[in-house]
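# here are the coordinates; sequence isn't available:
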RNA sequence: GGCUCAGUCGCCAAGUGGUAAGGCAACGGUUUGCAAAACCGUCACCCCCGGUUCGAAUCCGGGCUGAGCCUCCA
C-alpha cells in the first residue's frame, strides 16, 4: 500500500507526492511563548513527530520546522503583568516548551525559528505585497486586501462573503474591508518595535509563518500542519499572503490535528478549569502514557483527556513493560538496546511460524500508517505483536534451541521497530528512581531474598504477609519461574 | 445564522460495499503453595427513518445528538 494523506484543501485523502523526490519539507505552527505548555500544546508536536518518524522510515529526508512566536499582544500583556521583559518571558516559556517536547520524545524538529529573528524577511514580504497591490499601508499599519485574492477561502472552504456575517471584527477605519488582516502593526510606546518603511512597528500574527517557511523550506513545500482551530483565519491568511507574494503554490498538503478536550470541554485559556500544565502531568504519568493518549485515535479526531483515561492507558502499557522484562530475563539483553530496522525492507520473517504471525501484524501496522497515519489502528497491531511474543516466550524452555531463541529475538526486534515509529519506549523505564534512590532497590532485593527462604521452608503465611505489606506500600511482587520481580504501582 | 467534522460493545477505539481489529473493565479456564503476571476462551446485528445494491457500519437523502471554526487559541 502506498502512503495516502488527507488534505484539508481537497478534503480527501490524496496519494503522497513530494515537491522534490525523496525530500519532505514540513512546517507546523508552534507555540506563542507567553505561558507554560499545557497538554493541548503537545498534541500537534507528538502527532507530527510520529509523522516525521514514519516518513523517514519510508525513506524520505524530512526537514521539519516549528516556529516560535515570541512577539505578540499576549506576550506584551503577560510580561507587564509579571513585571518582566518580553524577551525574558519568551526565554522562560520557550525553555519549558523544549523540556516538554524532549520528555515526550519529540526529537525530530530540525529548526525552531523565532519570529523576532526574521523581522527583515517579514518586512521584505510586506513590501513585496504592497508592490503587487495585494496590501496597503494605512496609518502606520499594513493590511492585506482580501478582495484582491480570488482564491481567498479555499482552505477553510468558506465563501468570503459569508465570513463577514456574524463575525465580530473590531470596527476600524483603517481597513478597506472588515476581513482584511494586519501584516504589520504600528507599535505603541513601550512596546517592542522595529523600524520599517511604515514607521516603528511589529509584525502581524500570520506573516511570520510565511516568512520563516519561505526562508527554511522554500516557496513550495510539502506539508503544513497545525491544530484544527488554526484553519481559519491563521492558515487561510498565511496561504493567501504566501501565494500572492511568491506566485507559486504554498504547501501541497495541509494537515490538521483534532483538539484535546478535558471532560468534554475544549482546553482553552479562557476556560481555566481545563488547563493542565504539561510539567505537572509529567510528574504523575509516564511520557509514553501521554503519547499513547494522543496517538490512540486518528489525529483528525478530538481526544478527550481525563485521569481515568490515562490510568487505563497506563495499565495497558504494563503489558509491554512486562514483555520487555521477560525478554531481558530470557536473553540477557535489554529491549532498549535492540537495534531496529530503519526501513521496511530491513526485516524478513523467514520460515518460523511464530514470525509469520508477527510479520502479518507488522504488515497491517504499516498499512494502517500508510492510510493517513492511522496510529489508532497501528496501536492495535502493536498489542497483537506483544501477545504473539508472549506466547512465544511461554513456549521457550531451557531446552529450546538457539534458533528458537533467535526467532523470539527477531520478533522482539519488530516490536522495537514498530514502537519506535510511534515514538514509544524510547527510554529505559526509570525503575530504581521511582521509589526514591538505589537504596530502595537494594532493600527490596533483600526482602525478596528473605521471603524466598520463607517460601522454601513452606512458611507461606509469613511469605504472604511480606508480600501483602509491600503491596500496601505500593510495591507489587510477582513470583515467576526466573525468580521474583518487583515493581512500584503508579499512585493514580 | 453560516461552514466543517463526527455518532461502532459499560468506557476508549480500528474498520469507507461482502456478514465487526485492539485496549480498559467483566466473566469462565490453564498455570501458581496462594496470588500476580502470562496464556486460552466468553462478551456488539455498528444513533433513528427511508433509499441505492445480489449484498451497507461503510454510498445517497432526511432526522436526532455531539464537537470545532466563523474572535486570541495547538
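Nice, I can see it. Remember, predicted model here, so these are calculated numbers, not experimental data. Numbers count the residues shown, from 1 in each chain, chains lettered A, B, ... in the order given.
# Name the single longest helix found in chain A.
helix A:307-331 (DSSP state H).
# So which residues make contact with that one?
Contacts of helix A:307-331 with the rest of the structure, by C-beta atoms under 8 Å, 6 or more residues apart in numbering, involve A:285-286, A:288-290, A:292-293, A:296, A:333-336, A:383, A:386, A:389-390, A:393, A:396, A:405, A:408-409, A:412, A:415, A:419, A:424-425, A:429, A:482, A:485, A:490, A:492. (Glycine included, C-beta is placed from N, CA and C.)
# Show me how chain A divides into domains.
Following automatic domain parsing, one gets these domains for chain A: A:4-288, A:306-421, A:431-488.
# Let me know the helix or strand that the residue of the stretch 251-400 of chain A found nearest RNA strand B is in.
Relative to RNA strand B, the nearest point of the stretch 251-400 of chain A is residue A:380 (2.2 Å; C-beta to the nearest atom of the strand). According to DSSP states H and E, residue A:380 maps onto helix A:375-395.
# follow-up on the earlier one: quick check: which of the contacts of helix A:307-331 are also close to RNA strand B?
Applying C-beta under 7 Å from any atom of the strand to the contacts of helix A:307-331, one finds that A:296, A:383, A:386, A:390, A:393 fall near RNA strand B.
# residues near the fourth one, how many?
Spelled out, that is residue A:390. Around residue A:390 there are 15 other residues, counting by other C-beta atoms under 10 Å.
# Report the contact partners of it.
A:323, A:326.
# what separates it from residue A:412, distance-wise?
11 Å (C-beta to C-beta, to the nearest Å).
# and what of the third one?
When distance is defined by C-beta to C-beta, residue A:386 is 10 Å away from residue A:412.
# need the helices for the stretch 351-492 of chain A, in chain order.
All helices of the stretch 351-492 of chain A, identified by DSSP state H, counting those that start in this stretch, fall at A:353-370, A:375-395, A:402-421, A:431-434, A:438-456, A:460-472.
# which one of the ones you listed has the lowest average pLDDT?
For the helices of the stretch 351-492 of chain A, mean pLDDT drops lowest on helix A:431-434, to a mean of 50.
# State the next helix or strand along the chain beyond the helix or strand harbouring residue A:245.
If you go by DSSP H and E, residue A:245 is part of helix A:236-246. Heading C-terminal from helix A:236-246, the first helix or strand you meet, by DSSP H and E, is strand A:251-257.
# partners of that next one in the sheet?
If you go by DSSP bridges, strand A:251-257 pairs up with strand A:221-227 (parallel).
# what about the strand it pairs with, near RNA strand B?
Yes. Applying C-beta under 7 Å from any atom of the strand, one finds strand A:221-227 touching RNA strand B at A:226-227.
# neighbouring contacts of that strand?
Applying C-beta under 8 Å, 6+ apart, the external contacts of strand A:221-227 come out as A:5, A:18-19, A:24-29, A:43-44, A:47-48, A:51, A:213, A:234-235, A:238, A:250-257, A:259.
# Spell out the residue ranges of the helices in the stretch 1-150 of chain A.
Taking DSSP H, counting those that start in this stretch, the helices of the stretch 1-150 of chain A run over residues A:39-57, A:73-82, A:86-103, A:119-131.
# Which one of the ones you listed lies nearest to RNA strand B?
Proximity to RNA strand B (C-beta to the nearest atom of the strand) singles out helix A:39-57 among these, at 2.8 Å.
# Do the closest one and RNA strand B come into contact?
Yes. Contact of helix A:39-57 with RNA strand B (C-beta under 7 Å from any atom of the strand) involves A:40-41, A:43-44.
# on that earlier part again, please indicate which of the ones next to RNA strand B among the contacts of helix A:307-331 has the highest neighbour count?
Counting by other C-beta under 10 Å, top hit in those: residue A:386 with 21 neighbours.
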